[in-house]
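Q: I'll drop the sequence and a predicted model, then ask my questions.
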Amino acid sequence: MTRMFLAVLTALGVTVAAGAVSAGETLDRVTSSGALKVATNSGWPPQSFLDDNNEMVGFDIDVANEIAKRLGAEASFETPEWAVMTGGHWHGRWDLAVGSITPTKARAGVIDFAGIYYYSPYVFAVHEDSTAASTADLNGKKIGVETGTTSEDYIRRQLQIDAPDAPEVTYTLEPGEVLTYADSMLPFDDLRLGDGVRVDAVIAPEQTVMGAIKNGYPIKVLPGDYAFKEPLVVVADKGDPEWTAKLGGIIQDMSKDGTLSALTTKWYGKDYSH
């Protein structure tokens, strides 16, 4: 935000918040230092996880690295708790978050949505020995979800997606008990113990479930429609609209030139970019 623009705002009697005065500061810092600080997850394959060399890899990591490349910077990664990453008020600890975050109305008040970079359908996963044939068979059952996520919002009938043209969320399941887990793979660890041993089903992104199956988990996707389909966004902290706009432009370019299509296909075997 230039001094001239600030002067115009002042002349018009518009009060400029202290955080907004530094608009563009993040972009200046990133481009001058060549360093991009990214918040993400460390245990959510194939989105982001530690490989055998203890290095961060995954779809979200590739997306973040590509954003950094287009900014002329190098990405470094930190893995705060989910509630911290999506809670805003970062105080400069990270420049952006690439963590498969859903744009909800609650989050819109504390973080900025720079742009949608892919879509994720959510499915019901059950043990391979389960006799459940439809969602109706899960009524009254124990349902596992990662805490603080849209999976939990959905099972508690509180999900409000804040994105253009987002389909209306419909609720068809009445759980008997909701079990919450601090990590995305922990509910699957309970589900693999056996049908109904600790949990009867898990609600999670299709990509996560298919990744667990690929890694040998004795689970399957319950036939039928998706629970819901959500857009996922790159996010920035509030207070720097020029930075958010810059990120949005990069994401649009990555969509138009096929980069996001290629990266989703690489990690998921399917194009989830639209």
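A: That came in fine, so what should we check first? Residues are numbered from 1 along each chain as shown.

Q: Who does Thr181 form a beta bridge with?
A: Rather than Thr, residue 181 is Tyr. Here Tyr181 sits in beta bridges with Glu146, going by DSSP bridges.

Q: That one touches Gly148, doesn't it?
A: No. Taking contacts as CB atoms under 8 Å, Tyr181 lies outside contact range of Gly148: 10.2 Å. From N, CA and C alone the C-beta is placed, and that goes for glycine too.

Q: More neighbours: the two, which one.
A: In this view Tyr181 and Gly148 are compared by other CB atoms under 10 Å, and Tyr181 has more residues nearby, 20 against 17.

Q: all helices for the protein, in order.
A: 3-11, 18-21, 25-33, 59-70, 82-85, 105-108, 150-155, 186-191, 206-214, 241-256, 259-268 (DSSP state H).

Q: So for stretch 90-98, what gets flagged as buried?
A: Judged by neighbour count using 16 or more other CB atoms under 10 Å, the buried positions of stretch 90-98 are Trp90, Trp94, Asp95, Leu96, Ala97, Val98.

Q: before we move on, what about stretch 105-121?
A: In stretch 105-121, counting by 16+ other CB under 10 Å, buried: Arg107, Ile111, Asp112, Phe113, Ala114, Gly115, Ile116, Tyr117, Tyr118, Tyr119, Ser120.

Q: In a markdown table, list those along with distance to Thr172.
A: Compiled in a markdown table, the buried residues of stretch 105-121 are given as follows (distance: CB to CB, whole Å):
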| residue | distance to Thr172 |
| --- | --- |
| Arg107 | 25 |
| Ile111 | 30 |
| Asp112 | 33 |
| Phe113 | 28 |
| Ala114 | 32 |
| Gly115 | 31 |
| Ile116 | 25 |
| Tyr117 | 28 |
| Tyr118 | 25 |
| Tyr119 | 20 |
| Ser120 | 19 |
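
Q: Nearest to Thr264, out of those: which one, please.
A: Tyr118 (5.4 Å; CB to CB).

Q: quick one: contacts for the closest residue to the closest one other than its chain neighbours?
A: Closest residue to Tyr118 apart from its sequence neighbours, by CB to CB, 6 or more residues apart in numbering: Tyr272 at 4.7 Å. Going by CB atoms under 8 Å, 6 or more residues apart in numbering, Tyr272 touches Tyr118, Tyr119, Ser120, Gln207, Thr264.

Q: so what pLDDT did Thr208 get?
A: As predicted, Thr208 sits at a pLDDT of 89.

Q: do Ser22 as well
A: 41.

Q: same thing with Pro45?
A: Looking at Pro45, the pLDDT reads 83.

Q: Burial check on the spatially closest residue to it that is not a sequence neighbour, number of neighbours?
A: Counting by CB to CB, 6+ apart, Pro45 lies nearest to Gly211, which is 5.1 Å off, once chain neighbours are set aside. By other CB under 10 Å, the residues close to Gly211 number 23.

Q: Check the one 10 residues further on too.
A: Close neighbours of Val221, defined as other CB under 10 Å, add up to 15.

Q: beta partners for the nearest residue to it once chain neighbours are set aside?
A: Of all residues not flanking Val221 in the chain, Val123 sits nearest, at 4.9 Å (CB to CB, 6+ apart). For Val123, the residues forming beta bridges with it (DSSP bridges) are Ala204.

Q: which stretch among the helices of the chain comes nearest Ser130?
A: Ser130 lies closest, by CB to CB, to one member of the helices of the chain: helix 186-191, at 9.3 Å.

Q: avg pLDDT for the closest one?
A: Mean predicted confidence for helix 186-191 is 98.

Q: Show me the contact partners of that helix.
A: The contact list for helix 186-191 (CB under 8 Å, 6+ apart) reads 125-127, 144-146, 179, 181, 197-199, 201-202, 204, 212, 217, 219.

Q: Show the buried residues in these.
A: By 16+ other CB under 10 Å, these give 125-127, 144-146, 179, 181, 199, 201-202, 204, 212, 217, 219 as buried.
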